[in-house]
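Student: Got a predicted structure here, sequence first:
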There are 2 protein chains.
Amino acid sequence: MRRPLIRKLEKFTRLSQADKEMLVRIAAQRVRRFAAREDIIHEGEKPEFINLINEGWACRYKTLEDGRRQIIAFFLPGDLCDLNVFILKEMDHSIGAITPVSVSEISRAAFDEMMIGHPRITQALWWESLVAAAIQREWTVNLGQRDALERMAHLLCELFIRLEAAGCTSDSSCEFPLTQTELGETLGMSTVHVNRTLQELRASNLIVLKDRTLTIPNLQALQDVALFNPNYLHLDREGRHLDANEE
Amino acid sequence: MRRPLIRKLEKFTRLSQADKEMLVRIAAQRVRRFAAREDIIHEGEKPEFINLINEGWACRYKTLEDGRRQIIAFFLPGDLCDLNVFILKEMDHSIGAITPVSVSEISRAAFDEMMIGHPRITQALWWESLVAAAIQREWTVNLGQRDALERMAHLLCELFIRLEAAGCTSDSSCEFPLTQTELGETLGMSTVHVNRTLQELRASNLIVLKDRTLTIPNLQALQDVALFNPNYLHLDREGRHLDANEE
DNA sequence: ACGGCGACCTTACCTATGTTAATGTCGGAC
DNA sequence: GTCCGACATTAACATAGGTAAGGTCGCCGT
């Protein structure tokens, strides 16, 4: 079994065996599965758990009164939804499955227990939540300043690099389940224009996207057209080497 | 002296006298002042403090290699920048003063001390940081889905309501120091179009904006054109009444 | 008193992107 | 094997919003 969360957190810090066991244990209690397109939690509900995505893709989204929908964030394997949410009275947005997903619900009690006994994990989780905030900020820049082509390229770079950190890529390829409609709802553009933009990226040999699989033959080239700077993902550990001692 | 932070936190929870004194004390040590347009902290630097805005307006912003600038967030009196930032190795964006500002720097030690001795404050600060994240998400929706008029109206509603929570409005007016260039950098539109859009809002009597003062004669009307739903600001206390027992 | 500067406003023109709608492709249900 | 729905693609046309250029006003320093 893959442990995308552990894998990702180790990009930030070294975890002890006990830490890892704790994380596995936490992720094992209260696992739920959702079908593609099903809501995991809906706007207006009271949040009672922190959700951890084990498998599959999900997203945050918000719908305006008149039906326009904006995808606000993607949750990939190993991603957590909002540390500390239980402080809020109700959700101001929804979280929905994109593919079939498996989600672990982490209760407030389990979370507090972890905070007390495992400072390393606590730190790592705050790191992950600061990174999530940084991603949200970068999306603001993306929507505000970049044009369609740059925007699309930027999103693809980000998703690819995040998937890599979670151990969900092989070589220069990854699964890519998003429809063009979903890409449009993410990037604030019409499906027609999404299609045009993807064609353009294909024509420049920057991406291969077919059968739900994305290949990026030259990541640096794609980053260049996107004006992509990975610093906001804060993926470099303190100077220490990464070591292969996973699992 | 106004205490915008206390005022704002009391929108979320009741604070004891000791809590308030703590907050005053924290805000008193290490106060710095910056001129308009000066950077408070710059991309690439290591964050050592949590900044609290006492007076004036500031913003987060990010600049692309080719010079395009996006304002990512506004900091109004009583706003905090990123609880827990010190975990990150370096800033991925800058924070700059818009007007002259007074800022309190909160050290990691002071923050930890507060976390331990004052659970009420701790909760309230997490609330404030969750609200900041919610605002960032709403900006994503704003940039992705709303057109120029809606976008501008939405921003004005948000700023007005946030200023109100901090006690910085009188009646239906507030100070409004943003230039049209800054509005453009915030909303991802050209200054020309900012101007057109403001004209349109003025022509519909939705706003009066003159001499750095904004008046919103009918907030509900402005909210309606913006498709503005204030739920994301999470400004309603537990069902208990708000009471006037401030300071 | 003058020059310079930054905010603001305006006009004319141009283009990236949206809209609508028709058509194509593929995989699954029966 | 065919019918259907989800998704992708394409074309023709419409428009929101960008670009470039210039003008006015008030303020600040000398």
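Tutor: Great, that's in hand.

Student: Can you report how many residues lie near A:A110?
Tutor: Neighbour count for A:A110, taken as other CB atoms under 10 Å in any protein chain shown: 18. Glycine gets a C-beta too; all of them are placed from N, C-alpha and C.

Student: give me phi/psi at it?
Tutor: phi -60, psi -40 (degrees, to the nearest 10).

Student: Flag the shaky bits of chain A, pLDDT-wise.
Tutor: Along chain A, the model assigns pLDDT under 70 to residues A:1, A:238-247.

Student: Quick one: name the residues of it near DNA strand D.
Tutor: Neighbours of DNA strand D within chain A, by CB under 7 Å from any atom of the strand: A:T179, A:Q180, A:T181, A:T191, A:V192, A:N195, A:R196, A:L198, A:Q199.

Student: try 6 Å this time
Tutor: Residues of chain A lying near DNA strand D by CB under 6 Å from any atom of the strand: A:T179, A:Q180, A:T181, A:T191, A:V192, A:N195, A:L198, A:Q199.

Student: Let me know the closest of those to A:E164.
Tutor: A:L198 (21.1 Å; CB to CB).

Student: Now name the helix or strand holding A:C174.
Tutor: strand A:173-175 (DSSP states H and E).

Student: got the residues of chain A next to DNA strand D as a markdown table, with neighbour count columns?
Tutor: As requested, the residues of chain A next to DNA strand D are exported to a markdown table (neighbours: other CB atoms under 10 Å in any protein chain shown):
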| residue | neighbour count |
| --- | --- |
| A:T179 | 12 |
| A:Q180 | 16 |
| A:T181 | 12 |
| A:T191 | 14 |
| A:V192 | 10 |
| A:N195 | 13 |
| A:L198 | 17 |
| A:Q199 | 10 |
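
Student: quick one: the residue lying closest to A:N84 once chain neighbours are set aside and DNA strand C, what's the gap?
Tutor: Excluding its sequence neighbours, the residue lying closest to A:N84 (CB to CB, 6 or more residues apart in numbering or on different chains) is B:W126, at 5.1 Å. Counting by CB to the nearest atom of the strand, to the nearest Å, the separation of B:W126 from DNA strand C is 36 Å.

Student: so B:W126 sits in a helix?
Tutor: Yes - remark: B:W126 belongs to a helix, assigned using DSSP: H, G, I helix; E, B strand; the rest coil.

Student: residue contacts, the residue of chain A found nearest DNA strand D?
Tutor: Residue of chain A nearest DNA strand D, by CB to the nearest atom of the strand: A:Q180 (3.2 Å). Contact analysis of A:Q180 by CB atoms under 8 Å, 6 or more residues apart in numbering or on different chains lists A:T191, A:V194, A:N195, A:L198.

Student: next one: A:R60
Tutor: By CB under 8 Å, 6+ apart, the contact list for A:R60 reads A:I71, A:I72, A:A73, A:F75, A:C81, A:H93, A:S94, A:I95, B:R137.

Student: From those, pick the one nearest DNA strand C.
Tutor: Closest to DNA strand C, out of all of the contacts of A:R60 and judged by CB to the nearest atom of the strand, is A:I71, at 14.0 Å.

Student: element containing the nearest residue to that closest one once chain neighbours are set aside, please.
Tutor: In space, A:I71 comes closest to A:T186 once its chain neighbours are excluded; the distance is 4.3 Å by CB to CB, 6+ apart. Under the criterion of DSSP H and E, A:T186 resides in helix A:180-187.

Student: Briefly note if that helix comes near DNA strand C.
Tutor: No - using CB under 6 Å from any atom of the strand, helix A:180-187 stays clear of DNA strand C, coming no nearer than 7.5 Å.
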